[in-house]
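Student: Predicted model and sequence follow; I will ask about them next.
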Amino acid sequence: MKIIIDQRTLRSAVDKTALFIPNKSTLPQLETMRVCANGKIEFSGTDLESWIHLTVPLAAPVAMDYSVVPHVEIDHGVKTEIEGSVNIPVELFHKAIGAMKEGCQTTLETSEVKAPNGRKYAGLKMLIGTQLVASIAVDETADLPKQPSIGTGARSFLLEATKLRAIVAKLESFVRTDDLYPAQMGIQFAYDGSNIGGTMHVTATNGMMLASLSFPALAGDTRQADHAGLLDHTFSFIVPLPLLRKAVRVLDGIVTIKFTGEHIQFESNGCEVTGKLIDEKYPDWQPLVPREIPYHLATSRDAALSSLTRMMLIATHEGSRITLLMTEPGYMGVAGGRVRDYSSNQLQIAAHDWAGNEGTERLPGAFESTEAGLNIDFNAGLLRDVLQSLECADVTAEFSSNRRAAIFRETTEMGMESIYLLMPLAEEKPRDDMRNTPLAECDNVQPEPEPVETDEEHADAEEDDEEFQRQKRDHETENDITEFVQAQQAAIVEEEVKS
């Protein structure tokens, strides 16, 4: 194989392909990148969970009226002199390309290389003009695991790469990181074809907070599915978050997404990314949205984040508990185990720990309710993640009670309708084991004295104890036998003395 390619084009292709290749693997061929020259240059790699196939054309036609202007092609700086394919160790290949001068013409040529010890091996020469830059040992025989094929029965739809990147950036903090519930380790795409044009719902949750984005779906190439395609069908699938993170880094333009029951493929501008789907049932979160919402809160997002950051310095005990205090003027409430006067404030944020440290800050905003005030506890870190995901300057939150999920809604700059749910923490209960601690002495709380048992109560308890009575009888019997034996021995000794 011998090809000539521009250094920028080569580096871009290698950077994208290297994302899908593991640094260390029990299978040596997985640490290599396959480069194939056959009328075009193809780069491919895999980690057995995801695959990439990147095609670099030799030339591309310019979009113009060929009836007026002759056919013109864009030279990508790619030429094939000898066709072939080779597997190249990606780590050394990547370092060698990075050391080259940017924008230079690079020649990649496979040939037999002689090592200093006299041994010959297949190698890849990297040259700039006639100057040898690097020589890398390669394998021309090993094959990478075959990329899964998306059959003709696959469904498909279209999505802009910029929107896909925005979705991943917004939802990645809501995805579960452990494998206790595998379905929550990915992002769910659910298509609803009940309305005209269809709507795509993208959801992520970790069990304590949830984010869902909704936007009109673009009709895809329905020839690979049935005749109706996406227009009157409903489907859903779960994509692993690591696959999406890698895909959004290599895709651009309009992305065609094809999927079957087990695999999904993203395709755009000569780049194909294929991966496995999560075969699990996603939790139904719609019942968590209450129908009646008596409490409404509006405040500044930046002010809330600033206050929350300071309160997190205090909320260091279990659960990182912070309390939102939403009250009507003139209300006396209890928070952190203390009675507080909210005669002039409608919205506060408070935190405390078991050592008695506490903090309270007023927040600008308004609180409206058809009922009395509301105190609700949240995990500080989760509340911060939700607030950071919001784009609007003013936050609007809805509450039904201190035991149901809080609801945040907004419309993003890209026109996606978003809803966020955050589950509150259970009500804090006093700890009984705090009575005999140094903290109890600081608060002048003396431990209760242990009751002293009288002699009469002790005697009554002994009479009621069957085990004690049994042991007493055995002891008395043992004493009687001992006394009898001693009397017999004394009588025998006395008779011997007389005789």
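Tutor: Nice, I can see it. Residues are numbered from 1 along each chain as shown.

Student: Give me the phi and psi for the residue nearest to the spatial centre of the chain.
Tutor: Centroid check for the chain by C-alpha atoms, centre = their mean gives residue 175 as the closest residue, at 3.3 Å. Residue 175 has phi and psi values of phi -80, psi 140 when expressed as degrees, to the nearest 10.

Student: Surely it touches residue 182?
Tutor: No - counting by C-beta atoms under 8 Å, residue 175 stays clear of residue 182, with 11.5 Å between them. C-beta: built from backbone N, CA, C; applies to glycine.

Student: So what touches stretch 390-406?
Tutor: Residues lying outside stretch 390-406 but in contact with it, judged by C-beta atoms under 8 Å, 6 or more residues apart in numbering, are 210, 288-290, 292-302, 304, 326, 374-378, 387, 407-410, 412-413, 420-424, 427.

Student: hmm, which of these are the buried ones?
Tutor: Buried by 16 or more other C-beta atoms under 10 Å: 210, 289, 293, 295, 297, 299, 301, 304, 326, 374-378, 387, 407-408, 410, 412, 420-424, out of the contacts of stretch 390-406.

Student: measure the closest residue to residue 2 other than its chain neighbours to residue 98 for me?
Tutor: Leaving aside its chain neighbours, residue 2 sits nearest to residue 82 (4.0 Å; criterion: C-beta to C-beta, 6 or more residues apart in numbering). In this view, residue 82 and residue 98 are 26 Å apart by C-beta to C-beta, to the nearest Å.

Student: And the helices in the stretch 201-350 of the chain, which stretches?
Tutor: Using DSSP state H, counting those that start in this stretch, the helices of the stretch 201-350 of the chain run over 241-250, 301-311.

Student: For residue 276, which of the ones you listed is the nearest?
Tutor: For the helices of the stretch 201-350 of the chain, distance to residue 276 was read as C-beta to C-beta. The smallest value, 7.7 Å, belongs to helix 241-250.

Student: For the closest one, name the packing helices and strands.
Tutor: With contacts taken as 3 or more C-beta pairs under 8 Å, 6 or more residues apart in numbering; DSSP states H and E, helix 241-250 sits against strand 50-56, helix 161-171, strand 186-192, strand 271-276.

Student: tell me the mean pLDDT for that helix?
Tutor: Taken as a whole, helix 241-250 carries a mean pLDDT of 96.

Student: how big is the angle separating it from strand 50-56?
Tutor: Interaxial angle of helix 241-250 relative to strand 50-56 (axes from the mean of the first three to the mean of the last three C-alpha atoms, to 10 degrees): 10 degrees.

Student: now helix 241-250: how far from the chain's centre is it?
Tutor: Remark: helix 241-250 is offset 13 Å from the chain centroid, using C-alpha atoms, centre = their mean, to the nearest Å.

Student: Stretch 359-376 spans what distance, first to last residue?
Tutor: 16 Å (C-alpha to C-alpha, to the nearest Å).

Student: distance of the residue lying closest to residue 28 once chain neighbours are set aside from residue 42?
Tutor: Distances taken as C-beta to C-beta, 6+ apart place residue 142 nearest to residue 28, at 7.8 Å, with adjacent residues excluded. Per C-beta to C-beta, residue 142 is found 16 Å from residue 42.

Student: Among these two, which residue is more densely surrounded?
Tutor: Each of residue 142 and residue 42 has its neighbours counted (other C-beta atoms under 10 Å); residue 42 has more, 17 against 13.

Student: and the more buried one, what does it touch?
Tutor: 34, 35, 36, 53, 54, 55, 56.

Student: go again using 6 Å as the cut-off
Tutor: Residue 42 sits next to 36, 55 when contact means C-beta atoms under 6 Å, 6 or more residues apart in numbering.

Student: partners of the helix or strand containing it, with directions?
Tutor: Under the criterion of DSSP states H and E, residue 42 resides in strand 41-46. When pairing is defined by DSSP bridges, strand 41-46 lines up against strand 32-37 (antiparallel), strand 50-56 (antiparallel).

Student: Any idea which of the ones you listed gets closest to residue 4?
Tutor: Short answer: strand 32-37, nearest of these by C-beta to C-beta, at 10.3 Å.

Student: would you say residue 113 is within a strand?
Tutor: Yes - counting by DSSP: H, G, I helix; E, B strand; the rest coil, residue 113 is part of a strand.

Student: how near is it to residue 276?
Tutor: Residue 113 is 38 Å from residue 276, by C-beta to C-beta.

Student: what do you get for residue 387?
Tutor: 34 Å.

Student: Give the full set of residues in contact with residue 188.
Tutor: Residue 188 neighbours (C-beta under 6 Å, 6+ apart): 203, 238, 282.

Student: ok, now how distant is it from residue 174?
Tutor: On the measure of C-beta to C-beta, residue 188 and residue 174 end up 11 Å apart.

Student: ok, now residue 25?
Tutor: 30 Å.

Student: neighbour-wise, which of these two wins?
Tutor: residue 174 (24 against 13).

Student: winner for burial among the helices of the stretch 201-350 of the chain?
Tutor: helix 241-250 (a mean of 20; mean count of other C-beta atoms under 10 Å).

Student: which other residues reach it?
Tutor: Helix 241-250 is contacted from outside by 16, 19, 50, 164, 165, 168, 175, 186, 266, 271, 273, 275, using C-beta under 6 Å, 6+ apart.

Student: Identify the bridge partners of residue 274.
Tutor: residue 51, residue 265.

Student: shaky segments in the stretch 351-499 of the chain?
Tutor: Applying pLDDT under 70 to the stretch 351-499 of the chain picks out residues 428-469, 475, 477-482, 484-485, 488, 499.

Student: could you pull out the helices for it?
Tutor: Using DSSP H, counting those that start in this stretch, helices in the stretch 351-499 of the chain cover 380-389, 438-442, 455-464, 466-498.

Student: Where do the domain boundaries of this structure fall?
Tutor: Dividing the chain into domains by automatic domain parsing, as the record does, gives the ranges 2-137, 155-276, 314-432, 458-498.

Student: Of all the ones you listed, which one comes closest to residue 308?
Tutor: Taking C-beta to C-beta, domain 314-432 is the member of those nearest to residue 308, at 5.6 Å.

Student: what about the closest one, distance to the chain center?
Tutor: On C-alpha atoms, centre = their mean, the centre of domain 314-432 falls 24 Å from the chain's centre.

Student: Over to stretch 102-110?
Tutor: Counting by C-alpha atoms, centre = their mean, stretch 102-110 is centred 40 Å from the centre of its parent chain.

Student: List the buried residues for that stretch?
Tutor: 106, 107, 108, 109, 110.

Student: Surely residue 187 and residue 204 touch.
Tutor: Yes - Residue 187 is within contact range of residue 204, at 4.9 Å (criterion: C-beta atoms under 6 Å).

Student: Pull up the overlap in contacts between the two.
Tutor: residue 171.

Student: So which residues of the stretch 201-350 of the chain form strands?
Tutor: With DSSP state E, counting those that start in this stretch as the criterion, the stretch 201-350 of the chain has strands at 209-216, 218-219, 235-240, 254-259, 263-268, 271-276, 295-300, 321-326, 331-335, 338-342, 347-352.

Student: and the fourth one, what other elements does it pack with?
Tutor: The contact analysis (3 or more C-beta pairs under 6 Å, 6 or more residues apart in numbering; DSSP states H and E) places strand 254-259 against strand 155-160, strand 263-268.
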